[in-house]
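Undergrad: Output the structure for:
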Amino acid sequence: MERASVTIVMATYNGAEMLPMQLQSFAAQSLRPARLVVSDDGSRDQTRDLVHDWAKAHPEIEVALRDGPKRGAAQNFLSLLRLPVEGDFLSISDQDDIWLEGKLEAAVTALLQIPAETPALYCGRTWEVYGDLNRRRLSRGAPRGPSFAHALVQNIGGGNTMVLNRAGAEALRAAAQVTGEIVVHDWWIYQVITGIGGVVLFDEVPHMLYRQHAGNEIGANRGWRATMMRARALASGRFSAWCACNVMALRQIEPRLTPENRALLNSFDAARRAPPLQSLAAIRRAGLYRQGVRGQLSLYAGALMQRL
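TA: As a prediction, this is how the structure comes out:
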């Protein structure tokens, strides 16, 4: 396992308060990363100094600190995914979580079961933690599993859990070169890997502590608060705007999609524009789904409300 070369890419912005524990958890991995690439989006706190200090304390790990595009977290991560791929595996990290010591080893062990030439993505559940980290809750699972039919209407895993084999990282790099606006990087990654016929492995065992705080771009994906946020996004048309952005991004890589998934993308795009009952029928006919009963009902509601 020590021979596996893992590169971590991390986007930062004013993350000094929680960054030290995130960095410390990198060094504590049972499978040490070979390199860390940090893209900082113009932090005005001590974020950059903390990265420099950590690099000096861990000379065995190659550390690169670069300037981000200053266009938000999604574009910052996209800029990292456009870089030449180094190593055997690419791990994506936020700036404010804590990885359990077996996180990288679990991901690499799973990905090694997939043929090296097949683009593959590992992701999974997390421990959602609050305040002093002692109060935790298991994030939502994925009982129906991953697929492009799911990726079109729902993300499956947080970017902070995602690790790709080299074939997956190379596929993302090629896609990122021609991709402009995206909603969030992790949803886009899931759509690309499933869309091109890659493999997605979802780990039901959590290997990280996902901090919940006011600065989270997305936050926890379960509970009544999350349900209400999704309902508001649907009713306000925000979810529809996200879907429109996702479809546009996928159109930019349409030649790379499998024939079946190109047809599925076209069916979804047509369903979004159809009258309510036709939209619902098209969604059902295409086999599009969200995880859980409430999730599926919200998808059907979106079709009837013309909010997809």
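
Undergrad: Pass me the low-pLDDT residue ranges in the stretch 201-308 of the chain, would you?
TA: For the stretch 201-308 of the chain, applying pLDDT under 70 flags the ranges 213-231, 233.

Undergrad: Could you confirm Arg44 falls within a strand?
TA: No: under DSSP: H, G, I helix; E, B strand; the rest coil, Arg44 sits outside any strand and is assigned coil.

Undergrad: burial of it, as a residue count?
TA: A count of nearby residues for Arg44, using other CB atoms under 10 Å, gives 9. Backbone N, C-alpha and C define where each C-beta goes, glycine included.

Undergrad: any idea how far it lies from Arg166?
TA: Separation of Arg44 from Arg166 (CB to CB, to the nearest Å) stands at 36 Å.

Undergrad: Residue ranges in the stretch 1-150 of the chain under the pLDDT threshold?
TA: For the stretch 1-150 of the chain, the stretches flagged by pLDDT under 70 are 1-2.

Undergrad: Helices along that one, start to end?
TA: For the stretch 1-150 of the chain, the helices defined by DSSP state H, counting those that start in this stretch occupy 19-27, 47-57, 73-81, 103-111, 148-151.

Undergrad: Quick one: distance of the shortest one to the chain centre.
TA: Between the mean C-alpha point of helix 148-151 and the mean C-alpha point of its chain there is a distance of 14 Å (CA atoms, centre = their mean, to the nearest Å).

Undergrad: Give the other helices and strands that it contacts.
TA: Judged by 3 or more CB pairs under 8 Å, 6 or more residues apart in numbering; DSSP states H and E, helix 148-151 is in contact with helix 185-195, helix 259-273.

Undergrad: Export that helix to CSV, keeping only CA atoms.
TA: In CSV, the C-alpha atoms belonging to helix 148-151 read as follows (Å, rounded to 0.1, in the frame of the first residue of the first chain):
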residue,chain,number,x,y,z
PHE,A,148,-26.0,8.6,-14.4
ALA,A,149,-29.8,8.4,-14.0
HIS,A,150,-29.3,9.4,-10.4
ALA,A,151,-26.5,11.9,-11.0
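
Undergrad: which element follows that helix toward the C-terminus?
TA: Using DSSP states H and E, the helix or strand that follows helix 148-151 in sequence is strand 163-165.

Undergrad: Show me what that next one is packed against.
TA: strand 89-93, helix 103-111, strand 120-124.

Undergrad: List the pairing partners of it within its sheet, with orientation.
TA: strand 89-93 (antiparallel), strand 120-124 (antiparallel) (DSSP bridges).

Undergrad: Would you mind giving these as CSV with mean neighbour count and distance to Arg211 added?
TA: CSV is the format used below for those (neighbours: other CB atoms under 10 Å; distance: least, CB to CB, whole Å):
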stretch, mean neighbour count, distance to Arg211
strand 89-93, 26, 13
strand 120-124, 27, 17
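
Undergrad: any chance of those strands in JSON lines, plus distance to Gly68?
TA: Shown next, in JSON lines, are the strands paired with strand 163-165 (distance: least, CB to CB, whole Å):
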{"stretch": "strand 89-93", "distance to Gly68": "14"}
{"stretch": "strand 120-124", "distance to Gly68": "23"}
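
Undergrad: Tell me how this structure divides into domains.
TA: Under automatic domain parsing, the residue ranges defining each domain of the chain are 6-212, 224-304.

Undergrad: and among those, the most buried is which?
TA: domain 6-212 (a mean of 19; mean count of other CB atoms under 10 Å).

Undergrad: Ends of that domain, what's the gap?
TA: Domain 6-212 has an end-to-end distance of 27 Å (CA to CA, to the nearest Å).

Undergrad: residue contacts, the residue nearest to Leu111 when sequence neighbours are not counted?
TA: In this structure, Leu111 finds its nearest non-sequential neighbour in Asn165, 4.8 Å apart by CB to CB, 6 or more residues apart in numbering. Listed by CB atoms under 8 Å, 6 or more residues apart in numbering, the contact partners of Asn165 are Asp88, Phe89, Leu111, Ile114, Ala116, Thr118, Pro119, Ala120.

Undergrad: Look at the most centrally placed residue in the chain and report its pLDDT.
TA: Centroid check for the chain by CA atoms, centre = their mean gives Asp186 as the closest residue, at 2.1 Å. The model reports Asp186 with a pLDDT of 99.
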